[in-house]
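Enquirer: Below are the sequence and a predicted model for it; my questions follow.
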Amino acid sequence: MSAEHAALFTRSVLASTRIPLPVGGPHMIFIANALVAVVAALHGFFLVLEMFLWDKPLGLKIFRNTIEKATDSKVLAANQGLYNGFLAAGLVWGLVHPNPAFAFQIKVFFLLCVIAAGAYGAATVSRRILYVQAAPAALALVLLWLA
C-alpha cells in the first residue's frame, strides 16, 4: 500500500469512527455567543466605572473606596478601564467576524485574557473579581468549546 493510499485509508477510518457528542448545534453556539456578549458588556461597564465613575458615588460604592484613595488612584484606574475596554472590543470583534473559524480563535484568545486578568485580580486585589470577571469568561469559554 502506498503512503497516499494509507493516508486515505486512515482518514476514512477516522471519519467513520467519530462519535458525535450530545452537545453543540445552533442553540449551543447562540448560548455561547450570548455569554461572550455578556462578558463583553461587563468589560464595557468596567471601562465606564474605572474611567469615568471611579471617584463618583457609584464607583466608590462598587470598589469600596474612600474619596481620598479614589482621587489618588484615579489615573491608574482609568488606565485599567482602558484595558478592560480593549478586552470588550476584542470579544465584540470575535462576535462579529464573518469567518467562523477565525471568530472562534478571537473569542478564545480574549476569553483567556479575561480569565487571566480575573485570576490575577482575585489573587492581588479581591476574591470577588474571580466571580465577577473570571467565572463568566470561563463559563463562556467552556460553552464556546462545546458548541
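Expert: Now that the structure is in, tell me what you want to look at.
Enquirer: List the contacts of the residue nearest to the spatial centre of the chain.
Expert: Centroid-nearest residue in the chain, with C-alpha atoms, centre = their mean: residue 111, separated by 2.6 Å. For residue 111, the contact set (C-beta atoms under 8 Å, 6 or more residues apart in numbering) comprises 36, 39, 91, 137-138, 140-141, 144. No exception for glycine: its C-beta is placed from N, CA and C like everyone else's.
Enquirer: Quick check, pLDDT for it.
Expert: What the model reports as pLDDT for residue 111 is 98.
Enquirer: And it, how far from residue 29?
Expert: Relative to residue 29, residue 111 is positioned 14 Å away (criterion: C-beta to C-beta, to the nearest Å).
Enquirer: Tabulate the contacts of residue 111 (JSON lines), appending neighbour count, secondary structure and distance to residue 85.
Expert: As requested, the contacts of residue 111 are exported to JSON lines (neighbours: other C-beta atoms under 10 Å; DSSP: H, G, I helix; E, B strand; the rest coil; distance: C-beta to C-beta, whole Å):
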{"residue": "36", "neighbour count": "27", "secondary structure": "helix", "distance to residue 85": "16"}
{"residue": "39", "neighbour count": "24", "secondary structure": "helix", "distance to residue 85": "13"}
{"residue": "91", "neighbour count": "29", "secondary structure": "helix", "distance to residue 85": "11"}
{"residue": "137", "neighbour count": "28", "secondary structure": "helix", "distance to residue 85": "16"}
{"residue": "138", "neighbour count": "18", "secondary structure": "helix", "distance to residue 85": "21"}
{"residue": "140", "neighbour count": "27", "secondary structure": "helix", "distance to residue 85": "18"}
{"residue": "141", "neighbour count": "21", "secondary structure": "helix", "distance to residue 85": "20"}
{"residue": "144", "neighbour count": "20", "secondary structure": "helix", "distance to residue 85": "21"}
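Enquirer: For residue 145, which non-adjacent residue is closest in space?
Expert: Here the nearest residue to residue 145 in space, its sequence neighbours aside, is residue 108; by C-beta to C-beta, 6 or more residues apart in numbering that works out to 7.9 Å.
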